[in-house]
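Chemist: model this:
(chains A, B, C and D)
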Number of protein chains: 4
Amino acid sequence: MDEFDIETVADPELDDPVLVEGLPGVGHVGKLAAEHLLEELDSELVRRVYSTHFPPQVSIDEGQASLACAEFHAVTPEEGQDMLVLSGDHQAQDNQGHYGLTSTFLDVADDFGVERVFALGGVPTGELIEEYDVLGATTTEDFRETLDDAGVEFREDEPAGGIVGVSGLLLGLGKRRDVPACCLMGETSGYLVDPKSAQAVLEILQEVVGFDVDYGTLEERADEMEEVVRKIQEMEQQNSPSPADEDLRYIG
Amino acid sequence: MDEFDIETVADPELDDPVLVEGLPGVGHVGKLAAEHLLEELDSELVRRVYSTHFPPQVSIDEGQASLACAEFHAVTPEEGQDMLVLSGDHQAQDNQGHYGLTSTFLDVADDFGVERVFALGGVPTGELIEEYDVLGATTTEDFRETLDDAGVEFREDEPAGGIVGVSGLLLGLGKRRDVPACCLMGETSGYLVDPKSAQAVLEILQEVVGFDVDYGTLEERADEMEEVVRKIQEMEQQNSPSPADEDLRYIG
Amino acid sequence: MDEFDIETVADPELDDPVLVEGLPGVGHVGKLAAEHLLEELDSELVRRVYSTHFPPQVSIDEGQASLACAEFHAVTPEEGQDMLVLSGDHQAQDNQGHYGLTSTFLDVADDFGVERVFALGGVPTGELIEEYDVLGATTTEDFRETLDDAGVEFREDEPAGGIVGVSGLLLGLGKRRDVPACCLMGETSGYLVDPKSAQAVLEILQEVVGFDVDYGTLEERADEMEEVVRKIQEMEQQNSPSPADEDLRYIG
Amino acid sequence: MDEFDIETVADPELDDPVLVEGLPGVGHVGKLAAEHLLEELDSELVRRVYSTHFPPQVSIDEGQASLACAEFHAVTPEEGQDMLVLSGDHQAQDNQGHYGLTSTFLDVADDFGVERVFALGGVPTGELIEEYDVLGATTTEDFRETLDDAGVEFREDEPAGGIVGVSGLLLGLGKRRDVPACCLMGETSGYLVDPKSAQAVLEILQEVVGFDVDYGTLEERADEMEEVVRKIQEMEQQNSPSPADEDLRYIG
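Modeler: Modelled structure (predicted):
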């Protein structure tokens, strides 16, 4: 097996598609967002990427084994641009894996003629979020203006630690290959899986790319998560004489 | 020395053999099972696999040094299918080693015309086992039915964390090479070497592959282990006012 | 992307330049020194070096992403020798990265005809420094005499643990390539970013290489750091009955 | 720089030499023994081996930098066989480095026509040693008999954990290359640098290979170490009402 191995499952023609990446990360924001697109819109599995830099692992579903991989689905919605959606359960396990996998992902994007890359993720704030801002980072001024118009926040020196992993490298390596790329980062506490942050990110993407999806199931998951938070806060109030605040840092 | 190095010791003709893998793992279930086969049935050492991904180590037996390796023995029993049994004292020490070694093992299997792969192992339950169920995972529906008939349990989403290491990759890479593969996982507490779980796994394998072995020595080892458990439980009862239960989590 | 990747940004002719390296390290002495040169003297970005051994990370400045890299600037001052200044925010993340990056840096130096290498860094003393000595290590006797004349200290068996990372390898690999190399190590407590130590190192470099820079901004940063130290010492005196000493080991 | 890099310093003809390896390890027994040979007998530096698997480090001696390496010296004593002595301050930092370096060392040995390999080391007993036995492990029955005659102990299943690192692989890889190899392991407490154990190992080697060295300086170092142990035991007796024993396990 090669270090990075692309399996072709289908090879449809796409019309100037955008790449939408949602691998696991902070608050699973990117993963939730990408998976919501695949649930709500018709899609076709087109590529699997295997790598010796993924965990040496199969997942089991009803006794059937599947080797760790990342998947590309083609989405050709009635409204808006065609999309290539990259999702999966794993990140690379080492630095060279991150670089090599991202290069491989950009190779696949190149095969399909991708003209812009959207890496989706979360940015941890350490506090419960009232209003779900979406932070942005891009590789070109044009792309920045487009996102600015769509309501994305661009802040000096944020995120302070930069962006790591595949999302960061899609920008860094995308820039070197002259593929305009951005990262849309939904603010999230960083303590919990955050469907609301995923929705905020998707609403921006929808504005720019032009698809039409329903957010009902994301909202249901968000309600469930809020119930969890409410119970934690109740327990805190009973145990502590100090006034409850919304800082969840103690869950860490 | 190459990263993965196959040494040919003998090259007998085998008749549609199956590969039986039992490297170290949870409860040493797979290793005990594979070694029991080699003790009870006539076998011939046919291949050694060395790797720079094994520990940099020799084992010493009466002053004679042997480099860390995995071994394939050919077993051609009077009853049942021919077998290629893979055993050893080591797993790879890193992810790329796991992928590369498993590929190398499947290359050896391919040389001998292996038509099905059985990876043997244990699945930890965190509790003492009364009845030793064997969980299964496979790569084809046919194989699943065969195992189902032999009494293997297939449960939704179990094992929850998937299967890691060589056993998992024999399924994952076997599927990609179109070699039907399964993993037979004996339930085991996860705290102790478990000969009873190894016997449960072998009884399934015997049903499917058709050899005939005696379980006397495994039963003796199981009795020894039970004695150990009994003593631990006695010590617990004397030290604790609460009624003894069978949860061994405190040994961890 | 290659393991080590040199991007040519500009290709000016330099006249027998020296290489001045200041990557992150103890007290950020080397980094502060190199960056001070680039702030005070006119310079031109000539090369970027990317590597899969750097962190898989982009930094974000006002929403614009930049892939982790090291940069070479050409400095052609009116007084003194031409310089190639190597700076950046990252060290390699593993041993082979250290070796490979340093080789790549020496390849770039070779392209520009570098005739001597100065690696800048700090050496931790574990105590607050009154007088900022600069320790030296070289690869040739000639170079040692030059530095000796400029006031560099050469001590038997210091630094005791040798020199690790890029600075050390610039000497080790430089020697193997017959490029005279030295390391100038400013003494520093090791607990704080140390602009005074950086200034001490630059004053030696200035003596040997012959540029002319102002140290005003380094002195301002040094005053800020001293204020920090003063406050820590005040807090210590209030909390402890013992006479204050200048040993900062308790901050660790 | 290559992953493993042999620098030829001199190329004398040797007459059926043996390889004697003494890199750092338990009680520094092997390193002390190899260095003692080089101090007592005339020798010539013939090869240096550099590797990206060594630490990225230079050592500094009076301001002069030396890149991490292993060294081969040729020793052609008046009495006994010619020797190629392998010494240094470093072991590889990872598994593949151990395998690759040992292969490289055997390549050098092959260049000089080495006909037998002696890996020197210590085996930890966890107790102070009264009588310094030397344990052995070999790759051939002939070699074992030779060592047996010289007083080497061969014990069933000792050392229990096998032999790791370069010493172990010299046996493991030597066997695969048909170069007879042995490991001579001096018993040592495992807590202290042990010149007496080094002497015990050298006395065996002397018996087999036939050189003639004085042990005066090793005995002096041994006396110094015994003084250290005596002081530790005195301190123990003063602090503890229980009778002093020779178990040093508490120093750990």
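
Chemist: please make it C-alpha for all contacts and neighbour counts, starting now.
Modeler: Fine.

Chemist: endpoint to endpoint, stretch A:181-197 covers what distance?
Modeler: Taking C-alpha to C-alpha, to the nearest Å as the measure, stretch A:181-197 stretches 20 Å from start to finish.

Chemist: ok, which stretches of the stretch 101-250 of chain A are helices?
Modeler: A:141-149, A:165-176, A:195-209, A:216-239 (DSSP state H, counting those that start in this stretch).

Chemist: which of these has the lowest mean pLDDT?
Modeler: Among these, helix A:216-239 carries the lowest mean pLDDT, a mean of 86.

Chemist: now for that helix, which elements pack on it?
Modeler: For helix A:216-239, the packing partners by 3 or more C-alpha pairs under 8 Å, 6 or more residues apart in numbering or on different chains; DSSP states H and E come out as helix A:195-209.

Chemist: what are the boundaries of the strands in the stretch 1-150 of chain A?
Modeler: With DSSP state E, counting those that start in this stretch applied, the stretch 1-150 of chain A shows strands at A:4-8, A:18-22, A:44-51, A:57-61, A:64-67, A:70-75, A:83-88, A:116-124, A:134-138, listed in chain order.

Chemist: turn these into TSV, including mean pLDDT, mean neighbour count and distance to residue C:109.
Modeler: As requested, the strands of the stretch 1-150 of chain A are exported to TSV (pLDDT from 0 to 100; neighbours: other C-alpha atoms under 10 Å in any protein chain shown; distance: least, C-alpha to C-alpha, whole Å):
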stretch	mean pLDDT	mean neighbour count	distance to residue C:109
strand A:4-8	97	15	33
strand A:18-22	98	26	39
strand A:44-51	98	20	36
strand A:57-61	94	23	44
strand A:64-67	95	23	45
strand A:70-75	98	23	40
strand A:83-88	98	25	41
strand A:116-124	96	25	36
strand A:134-138	97	27	32
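
Chemist: and residue C:172, which of these is closest to it?
Modeler: With C-alpha to C-alpha as the criterion, residue C:172 lies closest to strand A:4-8 of the strands of the stretch 1-150 of chain A, at 34.4 Å.

Chemist: tell me the angle that closest one makes with helix B:165-176.
Modeler: Computed by axes from the mean of the first three to the mean of the last three C-alpha atoms, to 10 degrees, the angle separating strand A:4-8 from helix B:165-176 equals 30 degrees.

Chemist: helices or strands up against strand A:4-8?
Modeler: Looks like strand A:4-8 contacts strand A:44-51, helix A:95-111 (3+ C-alpha pairs under 8 Å, 6+ apart).

Chemist: what do you get if the cut-off is 10 Å, keeping everything else the same?
Modeler: strand A:44-51, strand A:70-75, helix A:95-111 (3 or more C-alpha pairs under 10 Å, 6 or more residues apart in numbering or on different chains; DSSP states H and E).

Chemist: for chain C, which of the ones you listed is the nearest?
Modeler: Minimum separation from chain C across the helices and strands packed on strand A:4-8 (C-alpha to the nearest C-alpha) falls at helix A:95-111, 5.2 Å.

Chemist: quick check, the closest one touching chain C?
Modeler: Yes - counting by C-alpha under 10 Å from any C-alpha of the partner chain, chain C has neighbours in helix A:95-111: A:95, A:96, A:97, A:98, A:99, A:100, A:102, A:103, A:104.

Chemist: I'd like those laid out as CSV, including distance to residue C:216 and pLDDT.
Modeler: Converted to CSV, those look like this (distance: C-alpha to C-alpha, whole Å; pLDDT from 0 to 100):
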residue, distance to residue C:216, pLDDT
A:95, 40, 94
A:96, 42, 94
A:97, 44, 96
A:98, 42, 97
A:99, 41, 97
A:100, 45, 97
A:102, 44, 98
A:103, 45, 98
A:104, 48, 98
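
Chemist: name the stretch among the helices of the stretch 101-250 of chain A that sits most buried.
Modeler: The highest mean neighbour count among the helices of the stretch 101-250 of chain A, using mean count of other C-alpha atoms under 10 Å in any protein chain shown, belongs to helix A:165-176: a mean of 25.

Chemist: could I get the helices of the stretch 101-250 of chain A as TSV with distance to residue D:179?
Modeler: Shown next, in TSV, are the helices of the stretch 101-250 of chain A (distance: least, C-alpha to C-alpha, whole Å):
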stretch	distance to residue D:179
helix A:141-149	65
helix A:165-176	47
helix A:195-209	63
helix A:216-239	66
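
Chemist: for residue B:173, find the nearest of those.
Modeler: Minimum separation from residue B:173 across these (C-alpha to C-alpha) falls at helix A:165-176, 24.4 Å.

Chemist: gap between the residue of the stretch 151-252 of chain A found nearest chain B and residue D:127?
Modeler: Going by C-alpha to the nearest C-alpha, chain B is nearest to residue A:165 of the stretch 151-252 of chain A, at 18.1 Å. Distance from residue A:165 to residue D:127, counting by C-alpha to C-alpha: 49 Å.

Chemist: and the residue in the stretch 101-250 of chain A positioned nearest to chain D, how many neighbours?
Modeler: Residue of the stretch 101-250 of chain A nearest chain D, by C-alpha to the nearest C-alpha: residue A:101 (23.0 Å). Neighbour count for residue A:101, taken as other C-alpha atoms under 10 Å in any protein chain shown: 27.

Chemist: verify the stated contact: residue A:157 with residue A:135.
Modeler: No - with contact defined as C-alpha atoms under 10 Å, residue A:157 does not count as touching residue A:135 (11.4 Å).

Chemist: joint contacts of the two?
Modeler: residue C:63 (C-alpha atoms under 10 Å, 6 or more residues apart in numbering or on different chains).

Chemist: just give the closest residue to the residue of the stretch 1-150 of chain A found nearest chain D, not the sequence neighbours.
Modeler: The minimum distance from the stretch 1-150 of chain A to chain D, using C-alpha to the nearest C-alpha, falls at residue A:94 (15.4 Å). Closest residue to residue A:94 apart from its sequence neighbours, by C-alpha to C-alpha, 6 or more residues apart in numbering or on different chains: residue A:53 at 6.8 Å.

Chemist: tally of neighbours for that neighbour?
Modeler: Residues lying near residue A:53 (other C-alpha under 10 Å) number 24.

Chemist: tell me who's in contact with it.
Modeler: In this structure, residue A:53 makes contact with A:3-4, A:68, A:90-98, A:100-101, B:94-96, B:99, judged by C-alpha under 10 Å, 6+ apart.

Chemist: that older thread, compare the helices of the stretch 101-250 of chain A and give me the one nearest residue C:226.
Modeler: Of all those, helix A:165-176 sits nearest to residue C:226, with 36.9 Å by C-alpha to C-alpha.
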